[in-house]
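**Q** No sequence on hand, only this structure:
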């Protein structure tokens, strides 16, 4: 259990309220496939809202069983789920990346935080921070000191969240559309 908060609990209803504040973060397994796909659908829909020119709405299954297996298999990938009050509140999927050194590039390792998604009703309740702390522990277990994340330029809320965790921008991807 990652967090137990008694601050919001009244004397009369301490047990019920405190139970909702308990967060359990664990690695996803194959048995989580169906409920995690609901989260991936919400994530995909939020990406459509952020960048409808690049992300399309679809009625297909959000992730196939094979894609899900890629998220949870091996020692270089992980999908963490946060359950709060017995309900799935959010997720984070990570990849341990290794860049080989060559004559142009410095070799390095980092953890790519590919997605950190929290359902709207659980935002601003510590779920994102708890997931991030779990990701940091996962990285530390692998002796990796850097975590990277990609954020859409117009996703201001995500940028503020990551800035509050100590992330700083180091690269900006740009594009130019040419007339054909």
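**A** Great, that's in hand. Remember, predicted model here, so these are calculated numbers, not experimental data. Numbers count the residues shown, from 1 in each chain.

**Q** Residue 118 contacts residue 130, doesn't it?
**A** No - at 9.6 Å, residue 118 does not count as touching residue 130 under the criterion of CB atoms under 8 Å. Glycine gets a C-beta too; all of them are placed from N, C-alpha and C.

**Q** Now the common contact residues for the two.
**A** Taking CB atoms under 8 Å, 6 or more residues apart in numbering as the contact rule, residue 118 and residue 130 both touch residue 82.

**Q** what stretches of this structure score poorly on pLDDT?
**A** 1-21, 180 (pLDDT under 70).

**Q** make it 80
**A** When residues are selected by pLDDT under 80, those of the chain lie in 1-21, 55-59, 180.

**Q** what comes up buried for the longest helix along it?
**A** If you go by DSSP state H, the chain has its longest helix at helix 33-50. Within helix 33-50, the residues scored as buried using 16 or more other CB atoms under 10 Å are 33, 36-37, 39-40, 42-44, 47, 50.

**Q** and residue 56, how far is that from residue 103?
**A** 40 Å (CB to CB, to the nearest Å).

**Q** So between these two, which is more surrounded?
**A** A direct count of neighbours by other CB atoms under 10 Å for residue 56 and residue 103 places residue 56 higher, at 9 against 4.

**Q** Centre-most residue in the protein?
**A** Geometric centre of the chain, nearest residue: residue 116, 1.5 Å, by CA atoms, centre = their mean.

**Q** Please name the residues that touch residue 44.
**A** Applying CB under 8 Å, 6+ apart to residue 44 gives the contacts 55, 58, 62.
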